[in-house]
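In: Test case, fold it:
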Amino acid sequence: MDCDIVAPRGSGTQFFSGTSNVSAREISILNAGGDINIHNPGPISSAGPTTATVDEVLKWLKGANFRAIYRLSLEARMAETGTWLIATFEFEEFVRKKGTVVWATGLRSTIAVGSGKTILAASSIQHLEVVFPDRTETAIVYAFLRYSESLSLLNIIAGLLDQLVRSHSIAFAHILPTYQHSKKYGDELSCSEAVEALKGILSLFSDVFIIIDGLDEVDDGTKDGVLRFLASLQAHVLITCRPLDHFQRHHTPHALHISVQAQTRDIDIYVAQRIQESAVLSEILSKNPAIAGMLRALVKEKSQGM
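Out: Below you'll find the predicted structure:
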């Protein structure tokens, strides 16, 4: 909208006396010393970007893509298996009580390899997403850590931020000023900035659920960093990994514990499903049903909790 403001001589205080052709952002002052004419002052804008897209912020975060592993784990899971964890007292406390930390670790005798922790973590996340379908007030974030990826604390925190920015507009709005400041100076996101941003965003939610799978698969410094961060929150925390007794006692001395091992019911379901999926096995065992029972018993014996 055009606007002309004229302050004639003798009408009071004179501004910019003796000045001509001066520009203040979009405000131009012409022929001062006589009448002052302020022509079309338009909006005053600040330097630097004022808007950004979600995709631009995500690209800047460079967070690990934990959702891809989550979806692959759900795809690998056999239907109706792994439900036993959700029925435990410890898991119910994890869901019910803010500030509860639960460690779900495999059997030491099997070095916890293949005990199904990742599938259980994925099943737990899926359960929470069903229980809290309208997640306006609830944040559910997760990390799947792998030896092969050598993730740093920054990578992990940025991966959690990535999930929140994608899912919650308030998370995007909260981190936008940090993004704008970084882009203005060409800065990369630092670990301390990421941690502070994540703490700030999580404080906006009534409930926060954090699931960390494979904590044993990162270096000790990163383990300490992740656990220090988790211990600073009043969140619902579930950690699935190999036993990490020293770290558990140091950072979460009051945590609850679940021993993870393959359940008899899950093995029965697994064997029955595999037989049903195989045309050859189905035909052989239909003629010799006793062998199917022997096969289930053999798998249970050899599994040793895995």
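
In: What mean pLDDT does stretch 289-306 get?
Out: With pLDDT averaged residue by residue, stretch 289-306 scores 67.

In: which residues in this structure form helices?
Out: Taking DSSP state H as the test, the helices found in the chain are 54-61, 66-76, 89-96, 117-131, 153-167, 169-185, 191-202, 220-231, 245-251, 264-277, 279-287, 289-303.

In: would you list those in TSV and tack on mean neighbour count and distance to residue 140?
Out: Every residue, glycine included, has its C-beta placed from N, CA and C. As requested, the helices of the chain are exported to TSV (neighbours: other Cβ atoms under 10 Å; distance: least, Cβ to Cβ, whole Å):
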stretch	mean neighbour count	distance to residue 140
helix 54-61	15	18
helix 66-76	15	11
helix 89-96	15	11
helix 117-131	20	5
helix 153-167	22	8
helix 169-185	16	12
helix 191-202	18	11
helix 220-231	17	15
helix 245-251	14	22
helix 264-277	15	24
helix 279-287	11	39
helix 289-303	12	31
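
In: residues in contact with the closest residue to residue 195 other than its chain neighbours?
Out: The shortest distance from residue 195 to any residue that is not its chain neighbour, by Cβ to Cβ, 6 or more residues apart in numbering, is 5.8 Å, and that residue is residue 157. Applying Cβ atoms under 8 Å, 6 or more residues apart in numbering to residue 157 gives the contacts 191, 194, 195, 198, 229.

In: What confidence value was assigned to the residue nearest to residue 73 when sequence neighbours are not counted?
Out: Using Cβ to Cβ, 6+ apart and skipping residues adjacent in sequence, the residue nearest residue 73 is residue 122, 3.7 Å away. In this model, residue 122 is scored at 94, pLDDT.

In: Could you list the low-pLDDT ranges of the stretch 151-300 of the chain?
Out: Residues of the stretch 151-300 of the chain that meet the criterion pLDDT under 70 lie in 261-277, 299-300.

In: which residue packs closest to residue 65, ignoring adjacent ones?
Out: With Cβ to Cβ, 6+ apart as the measure, residue 159 is the residue that lies nearest to residue 65, at 7.2 Å, once sequence neighbours are left out.

In: Could you check how far residue 123 is from residue 244?
Out: In this structure, residue 123 and residue 244 are 21 Å apart, going by Cβ to Cβ, to the nearest Å.

In: surely the residue nearest to residue 73 meets residue 67?
Out: No: with the criterion set as Cβ atoms under 8 Å, residue 122 and residue 67 do not qualify as a contacting pair; they are 10.6 Å apart.

In: I'd like the helices of the chain as CSV, with distance to residue 257 appended.
Out: Converted to CSV, these look like this (distance: least, Cβ to Cβ, whole Å):
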stretch, distance to residue 257
helix 54-61, 33
helix 66-76, 22
helix 89-96, 7
helix 117-131, 13
helix 153-167, 23
helix 169-185, 32
helix 191-202, 24
helix 220-231, 15
helix 245-251, 8
helix 264-277, 20
helix 279-287, 38
helix 289-303, 22
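
In: Out of these, which gets nearest to residue 210?
Out: For the helices of the chain, distance to residue 210 was read as Cβ to Cβ. The smallest value, 6.5 Å, belongs to helix 220-231.

In: if I look at the closest residue to residue 291 other than its chain neighbours, how far off is residue 297?
Out: Computed as Cβ to Cβ, 6+ apart, the closest residue to residue 291 that is not its neighbour in sequence is residue 285, at 5.6 Å. For residue 285, the distance to residue 297 (Cβ to Cβ) stands at 14 Å.

In: Please apply the same query to residue 243.
Out: In terms of Cβ to Cβ, residue 243 sits 29 Å off from residue 297.

In: what do you get for residue 92?
Out: Counting by Cβ to Cβ - residue 92 and residue 297 are separated by 32 Å.

In: what residue lies at the spatial centre of the protein?
Out: When the chain is reduced to its mean C-alpha position, the nearest residue by Cα atoms, centre = their mean turns out to be residue 160, at 2.5 Å.

In: contacting residues for that one?
Out: Taking Cβ under 8 Å, 6+ apart as the contact definition, residue 160 lies against 63, 141, 142, 143, 198, 210.

In: Now with 10 Å, please.
Out: When contacts are counted by Cβ atoms under 10 Å, 6 or more residues apart in numbering, residue 160 is found next to 61, 63-64, 66, 139, 141-143, 194, 198, 201-202, 210, 212, 229.
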